[in-house]
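> Turn this into a model:
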Amino acid sequence: MSKKKVKKQDEAIALDAQLTKSEAFIEKHFKKILIVLAVICAAVIAYFIWKNHKANVQAEAMEAVYTSQNYFAQGEFEKALKGDNTPACKGFLKAIDEYSGSKTANISKLYSGICYANLEDYDNAIKMLESYDSEDDMMISSAALGTLGNCYLHKGQDDKGAETLVKAAKEANNFSTSPIFLLQAGQVYEKLNKQDKALELYQQIKKDYPQSPINNEIDKYIERASK
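From the prediction side, this is the model:
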């Protein structure tokens, strides 16, 4: 076997190893994204309670999901979804049905999507997240898109997942989550042998998010995608 062929094989093995690490990276940050989104959701629920405290129906709806929110924060996602068989906790799914059209029902779809994602029920997670109306809130919609993109990846819908992650990065437009979403998408494109798209995203991180910790290592990704 020629040295040239051996070199190509070595490069292929090295790339496979890097992509395996990439998948671990995606899994690691998927969990982090869920945690961040949980905190955001809790803040949004509190805001809506304050904003709509004079609206009886809305107040009733918020009260109905209060205990579910606590279960969610504690990581008891099954109870958060379906309730605990007490009048105080109906669960997010029932809130979606009983208070259809309300802000609480909409936020409950987001909560439900994250619950399903944590329970590894990605089909229902996608269904809920796709039906959630972001209502032009960039912070929440970007986090929802990031979670949705990761759910697509877990279902093997790599192209759709990468596209959604890029949308999430654009929507967020911050130094915290945007570089993570872009790096995830870039690694997926590398896996799909779309080095040109991956390179474009890595270069975007370097140019647009110089303050991100990810930028400290982005050159190695740029170099790899440039080959």
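
> Now do the helices in this structure.
Taking DSSP state H as the criterion, the chain carries its helices at 3-51, 56-73, 77-82, 92-98, 103-118, 122-131, 138-154, 158-172, 178-191, 195-208, 218-226.

> Surely Asn215 is in contact with Ile205?
Yes. The criterion here is CB atoms under 8 Å, and Asn215 meets it with Ile205 at 6.2 Å. For glycine as for every other residue, the C-beta is placed from the backbone atoms N, C-alpha and C.

> ok, these two, which is more surrounded?
A side-by-side neighbour count of Asn215 and Ile205, using other CB atoms under 10 Å, places Ile205 first with 23 against 16.

> hmm, back to that, can you pull the residues that touch both of Asn215 and Ile205?
Common neighbours of Asn215 and Ile205, using CB atoms under 8 Å, 6 or more residues apart in numbering, are Pro179.

> So which residue is smack in the middle of the protein?
Centroid check for the chain by CA atoms, centre = their mean gives Thr147 as the closest residue, at 1.7 Å.

> I'd assumed Tyr111 was in contact with that one.
No. Counting by CB under 8 Å, Tyr111 is not a contact partner of Thr147; they are 11.3 Å apart.

> and Leu153, how far is that from Leu165?
Distance of Leu153 to Leu165, given as CB to CB, to the nearest Å: 8 Å.

> How about the contacts made by Lys82?
Gly91, Leu93, Lys94.

> From Glu63, how far out is the last one?
Just to be clear, that refers to Lys94. Remark: distance between Lys94 and Glu63 (CB to CB) = 13 Å.

> What of Gly83?
Going from Gly83 to Glu63 by CB to CB gives 14 Å.

> related to what we said a few turns ago, between Lys94 and Glu63, which has more neighbouring residues?
Lys94 (17 against 12).

> is it true that that one touches Gly83?
Yes. The pair Lys94 and Gly83 passes the contact test of CB under 8 Å, sitting 6.4 Å apart.

> contacting residues for Cys115?
For Cys115, the contacting residues are Phe72, Phe77, Glu78, Ala80, Leu81, Phe92, Ala125, by CB under 8 Å, 6+ apart.

> Type out the ChimeraX command that picks the buried ones from these.
Listed next is the ChimeraX selection for buried residues among the contacts of Cys115, using 16 or more other CB atoms under 10 Å:
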select :72,77,80,81,92,125
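
> Flag the least confident of the contacts of Cys115.
Within the contacts of Cys115, pLDDT reaches its minimum at Phe72, with 87.

> can I assume that one is in contact with Tyr111?
Yes. Between Phe72 and Tyr111 there is a contact at 5.9 Å, judged by CB under 8 Å.

> quick one: pLDDT of Ile40?
61.

> should've said Leu37
62.

> Equivalent analysis for Ile222, please.
pLDDT, Ile222: 96.

> can you pull the contacts of it?
Neighbouring residues of Ile222 by CB under 8 Å, 6+ apart: Leu199, Tyr202, Gln203, Lys206.
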